[in-house]
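Colleague: model this:
(chains A, B, C and D)
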There are 2 protein chains.
Amino acid sequence: MATIDDVARASGVSASTVSYVLSGKRPISAPTRLRVERSIRKLGYRPHAGARALASSQTNVLALMAPLRAGVNVSVIMQFVAGVVTTARKFDFDVLLLTQDDATGLERVSDGSMVDALIMMDIEADDPRVPVLAGLRQPGVLIGLPRDSVGLSCVDLDFDAAGRTAVRHLAQLGHRQVALVGSPRAVIERHTSYADRMLRGFTEQTAELGLEGVYEPCESSHAGAVAAVDRVLARMPGVTGLVVHNEVALPGVIATLRERGRSIPEDVSVVAVCPQDIALGQPLPLTSVDIPADAIGRVAVEMAMARVAGEQPTETRLLAAVLTERLSTAPPR
Amino acid sequence: MATIDDVARASGVSASTVSYVLSGKRPISAPTRLRVERSIRKLGYRPHAGARALASSQTNVLALMAPLRAGVNVSVIMQFVAGVVTTARKFDFDVLLLTQDDATGLERVSDGSMVDALIMMDIEADDPRVPVLAGLRQPGVLIGLPRDSVGLSCVDLDFDAAGRTAVRHLAQLGHRQVALVGSPRAVIERHTSYADRMLRGFTEQTAELGLEGVYEPCESSHAGAVAAVDRVLARMPGVTGLVVHNEVALPGVIATLRERGRSIPEDVSVVAVCPQDIALGQPLPLTSVDIPADAIGRVAVEMAMARVAGEQPTETRLLAAVLTERLSTAPPR
DNA sequence: CCTCTCGGTCGATGCGTTTCGACAGGCTCG
DNA sequence: CGAGCCTGTCGAAACGCATCGACCGAGAGG
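Modeller: You can find the predicted model right below:
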């Protein structure tokens, strides 16, 4: 591999000049710059990442911790990941993927100076990884909202509002008995941030509007969907509005409702909380509150970059929940 | 951050001794080793990855290229990724995630000496990225089979055999008219390796056994599933055996068959080609040929590590296709 | 005409490791 | 008893880059 000295020699300048051509941190005359750039291309020169990191203490890599835990919906996770990676590239960063669900990975890549910033997903209310992340030298960004986020930036969909919006939509249509079919029990029990907030929004809004509301967790499989729907039907036979916050179970929920003689939206209205493509890929286009996974990933990276670059203080940004009306909701008959 | 010199000073030895304690490449007496190890723990010392990479030209990072293209099934991809990351950690490697679908990312991380090996997924028959990968300094491993894999190791499920096995199973049950519901058109048209081989296995085996076989691509949505099933039914009204190689469309295919009055397995038998958990998460447990994504990811890393470590020649390994009989197949009536 | 400034370039230094050659001392074997 | 050989340790030289201070020449300002 060609080194910066090879380039310098080939273009008759010193190594530092080549460095300045590359970084633009000092003015270089046009003719010199051209010569250097030509040598770079001719030699196929590319700076050695390690050497650069050593000299500048900047790696241009960020860590993304995406634990692949029980119950998490991988396709949604993947959308986050895609958003993060794509955006990172715009800042000329690469992404190191961590999937272990403890904090050792964080410390390893941070203390080893492998990354300039860290982004962490799937946050629980009292996530033990959060204080660890906050204690690291590099800035940290959370996708999700822990109870205490001191020293860290946070971004997420406003799941609280998502729950409220879904309920309000149903209430406006005239529904009085509504149910939330939520995340798998494992996710709930971890007090995963989004599930907690979703439930809170749903509960508070039903209470405020004087609706009857029930809540049922739902495993991510067909059988889980059947069971959850049946539990809802048993607890609330007159239910006419369903909020579903479980992408994987969605087809099963829809199928089971039909099997139990409830047609959508005539007998029961369904509001999904999921990425748009999933809402549109179902048997009928679902009224849904979009989870803009891609946008959330993008914002997370932007926050991280801001903190890497400057003295930007930490902040927490909640993306607005927007409901799109499609064919799965209607007034009760 | 503490450096190796801090550790050396704290334990009254030279820096090189500390280095040898860490690497074990030279014998160190027990008392010295103990003293050094204690200082390391006390100071929380962790070697600087960049410096280490510079001095040793080894990064302990591997690149994983997982293009997020149209039509690919993200949940399956994520399983591959999980397998790769988990296995990489066992070798003390981290994973850099690339998602761009061109070769620029490969060259960037390779030429920049950011990684010691590269793994690439979603391979097409004449994938333009393959020759680029083969030309890199670091070893490359493909998950999939290009037409020409010179200089590269390959690993994948034996999709050819998967197609044949599925057909044979149906034939043994007595089915004479069978259909393959496959990948989305976009995937086919790219000549994605697994889709090509699956189709070949299916086609050849039906021919050899004298069955009638038809093939239909299938978009990954409910609507796509409906359309594909209807096309199959139109072309082959007497079809009694279905091989489905499209995880996302699976629920739609099943629902549509029922809707068209075909019950499973009485009227039509269904063999899925998909990861096991998906086969089990459907309305009825499906007879399936497992796609062992996790194992494939693991093998890919093991091959990469072997090439990094030694002079291991390139090889291509196809994992056996095993069919598990469940409730979705039976003799035709 | 002299000084000041600024654009443009160079050398030297440092970043934190690994690794190679060297060396001291104790041991073995003839 | 001496040559040779381990064992355990050290010092120094890379590794490839960024960056700081210095330097030189040209133009501006007085």
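Colleague: contacts, neighbours, all on C-alpha from now
Modeller: OK.
Colleague: any idea which helix or strand in chain A has the lowest mean pLDDT?
Modeller: Least confident helix or strand of chain A, by mean pLDDT, DSSP states H and E, is helix A:74-90 with a mean of 92.
Colleague: so A:Asp111 sits right up against B:Ala49, yeah?
Modeller: No - look at A:Asp111 against B:Ala49 with CA atoms under 8 Å: they stay out of range, at 9.0 Å.
Colleague: so for those two, which sits in the more crowded spot?
Modeller: Set A:Asp111 next to B:Ala49 and count neighbours by other CA atoms under 10 Å in any protein chain shown: B:Ala49 wins out with 24 against 21.
Colleague: burial measure for the residue of the stretch 201-333 of chain A found nearest DNA strand C, as a count.
Modeller: With CA to the nearest atom of the strand, the shortest gap between the stretch 201-333 of chain A and DNA strand C falls at A:Val308, namely 18.5 Å. For A:Val308, the count of nearby residues is 17 (other CA under 10 Å).
Colleague: try the one 4 residues further on
Modeller: The number of residues packed around A:Gln312, counting by other CA under 10 Å, is 12.
Colleague: got it, and A:Ser39?
Modeller: For A:Ser39, the count of nearby residues is 20 (other CA under 10 Å).
Colleague: circling back to that earlier point, any idea which element the residue of the stretch 201-333 of chain A closest to DNA strand C lies in?
Modeller: Per DSSP states H and E: A:Val308 is located in helix A:293-309.
Colleague: isn't the residue of the stretch 201-333 of chain A closest to DNA strand C up against A:Val141?
Modeller: No - at 11.1 Å, A:Val308 does not count as touching A:Val141 under the criterion of CA under 8 Å.
Colleague: pLDDT at A:Leu319, what is it?
Modeller: At A:Leu319, the pLDDT value in this model is 98.
Colleague: hmm, A:Asp160 and it touching each other?
Modeller: No - counting by CA under 8 Å, A:Leu319 does not reach A:Asp160; the two are 10.8 Å apart.
Colleague: which one's more surrounded, these two?
Modeller: Each of A:Leu319 and A:Asp160 has its neighbours counted (other CA under 10 Å); A:Asp160 has more, 23 against 17.
Colleague: mind checking the SS state of that one?
Modeller: Secondary structure, DSSP: H, G, I helix; E, B strand; the rest coil: A:Asp160 is helix.
Colleague: I'd like the next helix or strand past the helix holding A:Val308.
Modeller: Downstream of helix A:293-309, the first helix or strand assigned by DSSP H and E is strand A:316-319.
Colleague: now the very next helix or strand once past that next one: how far from the chain's centre is it?
Modeller: Where DSSP H and E defines the elements, the next helix or strand beyond strand A:316-319 is strand A:323-324. The chain centre lies 19 Å from the centre of strand A:323-324; the measure is CA atoms, centre = their mean, to the nearest Å.
Colleague: how long is stretch A:148-157 end to end?
Modeller: End-to-end distance of stretch A:148-157: 18 Å, with CA to CA, to the nearest Å as the criterion.
Colleague: again but with stretch A:93-104, I slipped
Modeller: Terminal residues of stretch A:93-104 are spaced 23 Å apart (CA to CA).
Colleague: name the residues that touch that stretch?
Modeller: With CA atoms under 8 Å, 6 or more residues apart in numbering or on different chains as the test, stretch A:93-104 has contacts from A:60-69, A:85, A:88, A:105, A:115, A:128-129, A:132-133, B:82, B:85-86, B:94-98.
Colleague: ranges for the helices of the stretch 101-250 of chain A?
Modeller: Using DSSP state H, counting those that start in this stretch, the helices assigned to the stretch 101-250 of chain A run over residues A:104-111, A:129-134, A:159-173, A:185-189, A:193-209, A:222-235, A:250-259.
Colleague: was I right about A:Ala179 contacting A:His245?
Modeller: No - using CA under 8 Å, A:Ala179 makes no contact with A:His245, being 10.9 Å away.
Colleague: how about the contacts made by A:Ala166?
Modeller: Contacts for A:Ala166 were tallied using CA under 8 Å, 6+ apart; they are A:Phe202, A:Val243, A:Val271, A:Ser288, A:Val289, A:Leu323.
Colleague: can I get the residues you listed in TSV with distance to chain B and pLDDT?
Modeller: Output for the contacts of A:Ala166, formatted as TSV (distance: CA to the nearest CA, whole Å; pLDDT from 0 to 100):
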residue	distance to chain B	pLDDT
A:Phe202	28	98
A:Val243	20	98
A:Val271	18	98
A:Ser288	17	98
A:Val289	19	98
A:Leu323	21	98
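Colleague: quick one: which of the residues you listed is nearest DNA strand D?
Modeller: A:Val289 (44.9 Å).
Colleague: how near is the spatially most central residue of chain A to A:Gln100?
Modeller: The residue lying closest to the centre of chain A (CA atoms, centre = their mean) is A:Phe80, at 4.2 Å. Distance of A:Phe80 to A:Gln100, computed by CA to CA: 17 Å.
Colleague: swap in A:Ala179?
Modeller: Going from A:Ala179 to A:Gln100 by CA to CA gives 34 Å.
Colleague: same thing with A:Val268?
Modeller: Per CA to CA, A:Val268 is found 41 Å from A:Gln100.
Colleague: more crowded one of the two?
Modeller: Remark: of A:Val268 and A:Gln100, A:Val268 carries more neighbours, 23 against 18, as counted by other CA under 10 Å.
Colleague: tell me the contacts of the spatially closest residue to that one that is not a sequence neighbour?
Modeller: Leaving aside its sequence neighbours, A:Val268 sits nearest to A:Thr240 (CA to CA, 6 or more residues apart in numbering or on different chains; 4.3 Å). By CA under 8 Å, 6+ apart, the residues touching A:Thr240 are A:His175, A:Arg176, A:Gln177, A:Val178, A:Asp267, A:Val268, A:Ser269, A:Pro332.
Colleague: ok, A:Arg333 touching A:Val268?
Modeller: No - using CA under 8 Å as the test, A:Arg333 is too far from A:Val268 to be in contact (9.2 Å).
Colleague: spell out which residues are contacts of both of A:Val308 and A:Val141.
Modeller: In terms of CA under 8 Å, 6+ apart, A:Val308 and A:Val141 are both contacted by the residues A:Ala117.
Colleague: may I have stretch A:117-126 as CSV, with CA atoms only?
Modeller: Coordinates of each C-alpha in stretch A:117-126 appear next as CSV, following Å, rounded to 0.1, in the frame of the first residue of the first chain:
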residue,chain,number,x,y,z
ALA,A,117,-19.6,8.2,19.3
LEU,A,118,-22.1,5.5,20.3
ILE,A,119,-25.8,5.0,19.6
MET,A,120,-27.8,2.6,21.6
MET,A,121,-31.2,1.1,20.8
ASP,A,122,-33.9,-0.8,22.6
ILE,A,123,-33.7,1.2,25.8
GLU,A,124,-35.4,0.1,29.0
ALA,A,125,-36.7,2.3,31.8
ASP,A,126,-33.8,1.5,34.1
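Colleague: so A:Pro31: helix, strand or coil?
Modeller: Following three-state DSSP, A:Pro31 is assigned to helix.
Colleague: what do you get for the one 3 residues further on?
Modeller: Following three-state DSSP, the label given to A:Leu34 is helix.
Colleague: neighbours around it, how many?
Modeller: Residues near A:Leu34, counting by other CA under 10 Å: 14.
Colleague: which residues does it contact?
Modeller: Not one residue lies near A:Leu34 by CA under 8 Å, 6+ apart.
Colleague: ditto for A:Leu284
Modeller: Contact analysis of A:Leu284 by CA under 8 Å, 6+ apart lists A:Leu327, A:Ser328.
Colleague: right, I'll leave it there.
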